[in-house]
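Colleague: pasting the sequence and the predicted model now:
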Amino acid sequence: MKFSDQLEQRFATMVTHYPTKRSVLVPMLLYIQDELGAMTDEAIHEIAERTELSDLEVRNVVSYYSMLRTRPVGKYNLQVCTNVSCLLRGADDLFEHCKKKLGVGNKQTTSDGMFHLEEVECIGACSWAPALMMNYEFHENLTPAKIDELIDGLKKKEQQ
Amino acid sequence: MQNEQRMAYLVSHPDEVKVVSKRFGLGATSLDRYLELDGYKAVPKAIQMGADAIINEVKASNLRGRGGAGFPTGMKWSFVPKQSPKPKYVLCNGDESEPGTCKDRLIFEHDPHAVIEGVMIAALAVGSKAGYIYLRGEYRYLLEIMERAVADAYARGFIGKNIFGSGVDLDIFTHSGAGAYEVGEESALMESLEGKRGVPRIRPPFPAVVGLWGGPTVINNAETLASVPHIILGGGEWFAGLGTPRNGGTRLFCMSGELERPGVYELPMGYNLKKMIYDVSGGMVKGKTLKGVVPGGSSVQILTPDEIDVAMDFDSVLKAGSMLGSGGVIVLDNTMCIVKFALRVTQFYQHESCGWCIPCREGTDWMKKTLVRFHSGGGVAKDIDNLKYLAENMLGRTFCPLGDAAAMPIVSYIQKYRQEFEDHLNGKPCPFEKAAEPVAV
């Protein structure tokens, strides 16, 4: 398997930062996933070879980290925080609102593959709760109307 | 544009003493702007001072770890052996994941070079040639800010070969996590940085002796390291004077919950908690009253409204029966069901337990199952003591503090709000919810 030029460049730089090859693993897996949508068998094999590990050892690492996944999710991954600070400011109702709005449950993807919905642990937006992350983007001080605006905006963008 | 949007989130109050946050909102991510604001003055001064004097200054400042444990930073640095056959490392812990805590995020966002300077000074103090700044995977936009800051500092020759003409070579790298609360624990973070599952290591040996790749390692929270350049410039005595005895400086307090003005405020150590809620944060939102306060992130014991007249420093909060922890002040209002709150906290620790130690792995799972059933009306009287018994048997029986963090709050909720637990018994629906269906687990 060939990595994209960007990934190749990143790997070549990062591998010089550490005394052991496998130290690149955690960030590298995330960068690979950002491009491929999930950790595919080929990608796991490729990174295992490059870091002189077995595929199994890499899988062991993949399975530990909550952001890493072996199956792709929707194009827009809505990660709604429901931990305590958000809970106190109505995150449960907001999460229910998201479910209804998208017609999916927790950890499910819409049939068109556009949206994925997930309940997540604290994302570090406690003072601006309730909050969610859309892929890597923070959305804070949320209301149902703000969520509608976000989702409708993304839908509109896709139609164009 | 994203940045502009975020700056609106900054709050201020006249009682604030801005040290770590003094460059927030001033554009200090730009290296030139940072230099105008006293940037990269602390490192050359530290070089002049030499290792022993740096450590003594930090000791004199009474700076204590801002990650949560509150260990004296200068003492931590002094544990690193002077001579070591293996390379020494400095590690910045930016895996901020403690529920209720969102302060390191602001430091990385507004003052990335202060973190770099802090890492550099720590490296000079212990004789290390490499520093790593580890950010949680969710903080991608902050990683980009940090990467740019590091690249700019290299381009200007502030890091790399022969820094400030001292003959010392020093490299700094950024590193991303991929989602794991447990990795915020120092030894698990080292495992993660080495490309492994974030499972904690048994101690001793402590990281100062055997850390990253087996070398002596200093690991500090981002806020701790961002305080260091200010200590070097202003002096340890000045910093110590800002706080209370043995608790130097200021702290970024993250106020969350149904408050009029939630936000991150930098207040002197020892600032009164009650004032923090009713004055600084504007009190509870209209129509709600105070039910309790979790003063240091979700891992610590709850304080009832009559226990909050307390000075917010490590020693005073400990005396009051809780911990200052990470600085995440979570304020509960009267509409929050304590059982539901306990369930959410337990659900978190159950999800984040790495599974290495049985008391934590099994204990959190058992507590969660009990609380789910309990909250939905399927509780029996002995569940309450059982929960407490379970939690008490996790305490002190795990490699890392996650087991304690899961157990301590639950014990305190039951001790202080037992009546509310009892109100859920005998098939009665949760008094805080309109309708709850019993759930079988």
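Modeller: Great, that's in hand.

Colleague: contacts and neighbour counts: CA atoms only from here.
Modeller: Noted.

Colleague: please name every helix or strand in contact with the one helix or strand B:S316 maps to.
Modeller: If you go by DSSP states H and E, B:S316 is part of helix B:314-319. Contacting helix B:314-319 under the criterion 3 or more CA pairs under 8 Å, 6 or more residues apart in numbering or on different chains; DSSP states H and E is no other helix or strand.

Colleague: now do the buried residues in it.
Modeller: Across helix B:314-319, burial judged by 16 or more other CA atoms under 10 Å in any protein chain shown covers B:314-317.

Colleague: and the stretch 151-300 of chain B, which residues reach chain A?
Modeller: Residues of the stretch 151-300 of chain B found near chain A (CA under 8 Å from any CA of the partner chain) are B:173, B:175-180, B:192-198, B:213, B:254-258, B:262-264, B:298.

Colleague: number of nearby residues for the residue nearest to B:L395 when sequence neighbours are not counted?
Modeller: Once flanking residues are discounted, B:L395 sits nearest to B:D404: 4.9 Å by CA to CA, 6 or more residues apart in numbering or on different chains. When neighbours are defined as other CA atoms under 10 Å in any protein chain shown, B:D404 has 20 of them.

Colleague: for B:D404, what are its contacts?
Modeller: B:299, B:394-396, B:398 (CA atoms under 8 Å, 6 or more residues apart in numbering or on different chains).

Colleague: go on, B:C357?
Modeller: If a contact means CA under 8 Å, 6+ apart, then B:C357 has B:398-399 as its contacts.

Colleague: who's residue 132 bridged to?
Modeller: All of this refers to chain A. A:V80, A:H139 (DSSP bridges).

Colleague: my question was about chain B
Modeller: Under the criterion used (DSSP bridges), B:Y132 bridges to B:L91, B:F173.

Colleague: and it, how close does it get to B:V329?
Modeller: Note on B:Y132: its distance to B:V329, by CA to CA, to the nearest Å, is 29 Å.

Colleague: so what touches the longest strand along chain B?
Modeller: When chain B is scanned for its longest strand (criterion: DSSP state E), the result is strand B:250-257. Strand B:250-257 is contacted by residues A:85-86, A:88-89, A:126-129, B:17-20, B:66, B:100-103, B:242-243, B:262-269, B:277, B:281, B:327-333 when judged by CA under 8 Å, 6+ apart.

Colleague: which ones among these lie within strands?
Modeller: Per DSSP E, these map to strands at B:263-268, B:328-333.

Colleague: show me which of the residues you listed is closest to chain A.
Modeller: Using CA to the nearest CA, B:G263 comes nearest to chain A of the ones in strands among the contacts of strand B:250-257, at 4.7 Å.

Colleague: residues in chain A within reach of chain B, list them.
Modeller: A:17, A:19-20, A:22-27, A:30, A:60-61, A:64-68, A:83-86, A:88-89, A:121-129, A:136-137.

Colleague: list buried residues within the residues you listed.
Modeller: Using 16+ other CA under 10 Å, the buried ones in the residues of chain A next to chain B are A:17, A:22-27, A:30, A:61, A:64-68, A:83-86, A:88-89, A:121-129, A:136-137.

Colleague: tell me the mean pLDDT for stretch A:117-130?
Modeller: Here stretch A:117-130 scores 97 as its mean pLDDT.

Colleague: for residue 114, phi and psi?
Modeller: Using chain A here. Backbone torsions for A:M114, taken as degrees, to the nearest 10, come to phi -90, psi -50.

Colleague: chain B is the one I meant
Modeller: According to degrees, to the nearest 10, B:A114 has phi -70, psi -40.

Colleague: same deal with B:R64?
Modeller: Dihedral angles (degrees, to the nearest 10) for B:R64: phi -120, psi 150.

Colleague: my guess is it contacts B:G70, does it?
Modeller: Yes - using CA atoms under 8 Å, B:R64 is in contact with B:G70, at 4.7 Å.

Colleague: which residues touch B:G236?
Modeller: Counted by CA under 8 Å, 6+ apart, B:G236 has contacts B:57-62.

Colleague: B:E194 versus the residue of chain A most remote from its centre, what's the distance?
Modeller: What lies farthest from the middle of chain A is A:P19; by CA atoms, centre = their mean that is 28.5 Å. Per CA to CA, A:P19 is found 9 Å from B:E194.

Colleague: before we move on, the earlier item: so for the helix or strand the residue nearest to B:L395 falls within, what gets flagged as buried?
Modeller: Using DSSP H and E, the element containing B:D404 is helix B:402-416. Using 16+ other CA under 10 Å as the test for burial, helix B:402-416 gives B:402-414.

Colleague: do stretch A:6-15 as well
Modeller: In stretch A:6-15, counting by 16+ other CA under 10 Å, buried: A:11, A:14-15.

Colleague: tell me the contacts of residue 81?
Modeller: If you meant another chain, say so; for now it's chain A. Counting by CA under 8 Å, 6+ apart, the residues that A:C81 touches are A:91, A:119-123, A:130-132.

Colleague: my question was about chain B, not that one.
Modeller: Taking CA under 8 Å, 6+ apart as the test, what B:P81 contacts is B:126, B:208-209, B:216.

Colleague: show me what the helix ranked longest in chain A is packed against.
Modeller: Longest helix of chain A, by residue count under DSSP state H: helix A:144-159. When contacts are defined as 3+ CA pairs under 8 Å, 6+ apart, helix A:144-159 sits against helix A:91-102.

Colleague: residues contacting the helix it packs on, please?
Modeller: By CA under 8 Å, 6+ apart, helix A:91-102 touches A:80-82, A:105-106, A:110, A:115, A:117, A:119, A:130-131, A:143-144, A:147-148.

Colleague: and the residues you listed, which two are the farthest apart?
Modeller: Put simply, by CA to CA the two of the contacts of helix A:91-102 set farthest apart are A:T110 and A:P130, 23.1 Å from each other.

Colleague: more crowded one of these two?
Modeller: Neighbours were counted for A:T110 and for A:P130 using other CA under 10 Å; A:P130 has more, 28 against 16.

Colleague: is that one in contact with A:C86, as I believe?
Modeller: Yes - proximity of A:P130 to A:C86 meets the contact threshold set by CA under 8 Å, at 4.4 Å.

Colleague: quick one: contacts for B:L189?
Modeller: By CA under 8 Å, 6+ apart, the contact set of B:L189 is B:93, B:182-183, B:198, B:200.

Colleague: how is it assigned, secondary-structure-wise?
Modeller: helix (DSSP: H, G, I helix; E, B strand; the rest coil).

Colleague: distance check, it against A:A43.
Modeller: Taken as CA to CA, the span from B:L189 to A:A43 is 24 Å.

Colleague: same question, B:K428
Modeller: From B:K428 over to A:A43 (counting by CA to CA), the distance is 52 Å.

Colleague: give me the pLDDT value at residue 27.
Modeller: Assuming you mean chain A. Value for A:P27, per-residue pLDDT: 98.

Colleague: oops, I was thinking of chain B
Modeller: The model reports B:G27 with a pLDDT of 96.

Colleague: where does it fall, phi/psi-wise?
Modeller: phi 80, psi 30.

Colleague: list the contacts of it.
Modeller: B:33-34, B:110.

Colleague: count of residues packed around B:A60?
Modeller: B:A60, neighbours per other CA under 10 Å, totals 19.

Colleague: how close does the nearest residue to A:K75 once chain neighbours are set aside sit to A:V73?
Modeller: Once flanking residues are discounted, A:K75 sits nearest to A:M114: 4.9 Å by CA to CA, 6+ apart. A:M114 sits 9 Å away from A:V73, taking CA to CA as the criterion.

Colleague: more crowded one of these two?
Modeller: A:V73 (19 against 16).

Colleague: ok, the nearest residue to the more buried one once chain neighbours are set aside to chain B distance?
Modeller: Leaving out its chain neighbours, the residue that sits closest to A:V73 by CA to CA, 6+ apart is A:H116, at 5.9 Å. Separation of A:H116 from chain B (CA to the nearest CA, to the nearest Å) stands at 16 Å.
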